[in-house]
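Peer 1: my questions are about this predicted structure, shown below with the sequence.
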Amino acid sequence: MIVQLDAVEARVLGALVEKEITTPEYYPLSLNALLNACNQKSNRDPVMELDEAAVRSALRTLDDKVLARSAATDSRVAKYEHQLQEAFNFTRPEIAVLCELLLRGPQTPGELRSRASRLHPFEDLSVVHTTLDRLMRRDPPLVKLLARQPGTKEARYAQLLSAEPEESSPPPISDSAAAPAPAHSAPHDRITHLEEEIPALKSEIAVLKTEVADLHRQLAAFRKQFE
């Protein structure tokens, strides 16, 4: 199944998937709830300011592509649901990763593990890499590995349900830009990423401390056998 979504369709589809997982009690979504989900400022990149007409139009085209539809409910208010699972039969890790890529654009495996944890808990980065590999091996592929940008340690991955992302080259360095930037000029998104990583790192440290303590106890018990 070959799909080409525009930016609004990708945002609408990602919002439907996200809310089904995070707030199932309010899913399917009314038009107003979906509009708020598309325009929310958290967990979105870029932040959008869509109106009802844009969301309605995206819902119509997603319906034509068999990716979203009007849901059959007892409510007198029209509600909408996605059909991504019916179309692709995703595993839970796959749909969590793809949802984050739809909502935030290209990301590193570390960012995906941290951000997608609200949709599905990933034990470690190897699970994220395995999930990305499965999505890349689909026919047609649904995820692409982007070229690593100069000065970055990790490569990013992008979803291919939308138009294939352009791999822009970094802007030329001017004389004024060559000087090191002051510490306070760090990008806001980098700070946000670090804040999101902290809980996961703390959890991993706690697990490691427990494992080290267990090893100490086992070593002590082993030594006693020879005393």
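Peer 2: Alright, I've got the coordinates. No experiment lies behind these values; they were computed from the predicted model shown.
Peer 1: where does the chain have low pLDDT?
Peer 2: Along the chain, the model assigns pLDDT under 70 to residues 1, 164-204, 206-215, 217-218, 221-222, 224-227.
Peer 1: quick check: domain ranges of it?
Peer 2: 1-89, 92-164, 187-224 (automatic domain parsing).
Peer 1: helices along this structure, start to end?
Peer 2: Taking DSSP state H as the criterion, the chain contains helices spanning 7-22, 31-39, 52-64, 84-88, 92-104, 109-115, 125-136, 175-178, 188-224.
Peer 1: flag every buried residue along the third one.
Peer 2: Buried positions in helix 52-64, judged by neighbour count with 16 or more other CB atoms under 10 Å: Ala54, Val55, Ser57, Ala58, Leu59, Leu62. In this view, the C-beta of every residue, glycine as well, is placed from N, C-alpha and C.
Peer 1: any idea how far the second one is from Ala68?
Peer 2: Read that as Val55. Separation of Val55 from Ala68 (CB to CB, to the nearest Å): 11 Å.
Peer 1: overlap in contacts, the two.
Peer 2: Taking CB atoms under 8 Å, 6 or more residues apart in numbering as the contact rule, Val55 and Ala68 both touch Val12.
Peer 1: check contacts around the most centrally placed residue in the chain.
Peer 2: With distances taken as CA atoms, centre = their mean, the residue of the chain nearest its centroid is Glu100 (1.8 Å). By CB under 8 Å, 6+ apart, Glu100 lies in contact with Gln107, Leu112, Arg115, Ala116, Leu119.
Peer 1: quick check: the nearest residue to it once chain neighbours are set aside vs Glu20, distance?
Peer 2: Of all residues not flanking Glu100 in the chain, Ala116 sits nearest, at 4.6 Å (CB to CB, 6 or more residues apart in numbering). For Ala116, the distance to Glu20 equals 14 Å [CB to CB].
Peer 1: the more surrounded of the two?
Peer 2: A count of neighbours by other CB atoms under 10 Å puts Ala116 above the other of Ala116 and Glu20, at 24 against 20.
Peer 1: residue contacts, the closest residue in space to Phe122 that isn't next to it in sequence?
Peer 2: Nearest residue to Phe122 in three dimensions, chain neighbours excluded: Arg113, at 4.8 Å (CB to CB, 6+ apart). Taking CB under 8 Å, 6+ apart, we find Arg113 in contact with Phe122, Asp124, Leu125, Val127, Val128, Ala200.
Peer 1: for those residues, work out which two are farthest apart.
Peer 2: Val127 and Ala200 (12.9 Å; CB to CB).
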